[in-house]
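predicted model and sequence follow; I will ask about them next.
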Amino acid sequence: MRPAAALFCWCLFAGSAEAEQLTIALSTGEINVDSTFSGDTVTLFGVIERDAATVSRNTDYEIAVVLRGPPETVVARRKDRIAFIWVNSASETIGDAPAFYALDTSSELGEIATPALLERHQIGFDAIQFTYDGRAAANDPAAAEFRDAFIRLKQNAGLYSEQPAGVSFIGATDNVFQSAMWIPANAPDGHYKVDVYLFSGNALLAHEEGKLDITKVGFEQFMYAAAHQHVLLYGLACVLLALSTGWLAGVIFRRD
């Protein structure tokens, strides 16, 4: 290879290197859920590291932090009123749905990135890519009704949230930031994924990932494992417990 061509290839590679990089850390990597668990806050700290040759940008840095729970499949049903009775009518199976979804940003979503970029990385409720009865139906009006209802129910349960001012920069510099995310008591256990995105001028500059595990411990873990791994024995135990409780109550309150 000629020296000039080699120099051109090296410059092309060097120019493609990221000018900014992200380093993140969570206050904890695991949350243990027992009978006394009432929720917890996980704080994320991040640092924007600039290359020595990086010049100041004309626009501010913007941060988006997404915490996603394990995927789940749910059946959403619409209730219609017939005479005086509410009955289940149409239904939709929603797949690839995060069991938990929390989004913290430094500004409003519309000020951070273009809709296409947000959709590509599934940032925001409108960008979450569900499947419907095993098919992709992003523009299906019928599926949109179930999608909106599903997200609304998740919000009411405290499992889906968006905080436009949830990310704050620390101190006078613009390269250290933090985000505090609330994990409610009803958050499902499993492996959670944290995605942190750095934007400027509606362009994605860097992306970093982290993880969080939520685990049941103690009696809750025992009961959960019994109900899911030993279904028959768990059912028999519940029946015996109910019979024993009824018999004991009859003995205690028996009238002679």
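Perfect, I can see it now. Since this is a predicted model, take the numbers as computed values, not measurements.

how much space between residue 51 and residue 243?
Distance, residue 51 to residue 243, by CB to CB, to the nearest Å: 71 Å. Backbone N, C-alpha and C define where each C-beta goes, glycine included.

tell me, how many residues neighbour residue 74?
Residue 74 has 16 neighbours, counted by other CB atoms under 10 Å.

from what I can see it touches residue 149, true?
No: counting by CB atoms under 8 Å, residue 74 sits too far from residue 149 to count as a contact (10.9 Å).

quick check: which ranges of the stretch 1-150 of the chain have low pLDDT?
By pLDDT under 70, the weakly predicted segments of the stretch 1-150 of the chain are 1-18, 52-55, 134-139.

switch to 50 and redo it
For the stretch 1-150 of the chain, applying pLDDT under 50 flags the ranges 1, 3-16.

now for the one helix or strand residue 86 maps to, which elements pack on it?
Counting by DSSP states H and E, the element that carries residue 86 is strand 85-98. Applying 3 or more CB pairs under 8 Å, 6 or more residues apart in numbering; DSSP states H and E, we find strand 85-98 packed against strand 71-82, strand 131-132, helix 141-156.

neighbouring contacts of stretch 168-180?
41-50, 60-61, 63, 65, 104, 106, 166-167 (CB atoms under 8 Å, 6 or more residues apart in numbering).

and stretch 199-206, by the same measure?
Contacts of stretch 199-206 (CB under 8 Å, 6+ apart): 18-22, 48, 57-64, 112-114, 117, 121, 197-198.

taking those residues, please make a PyMOL selection of just the buried ones.
Only the buried entries of the contacts of stretch 199-206 go into this PyMOL selection, using 16 or more other CB atoms under 10 Å:
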select buried, resi 19+20+21+22+48+61+62+63+64+112+113+117+197+198
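
now stretch 36-50: buried residues?
Under the neighbour-count criterion of 16+ other CB under 10 Å, stretch 36-50 has 37, 40, 42, 44, 46, 48 buried.

from residue 176, how far out is the residue nearest to residue 21 when sequence neighbours are not counted?
The shortest distance from residue 21 to any non-neighbouring residue, by CB to CB, 6 or more residues apart in numbering, is to residue 49 (4.7 Å). Per CB to CB, residue 49 is found 11 Å from residue 176.
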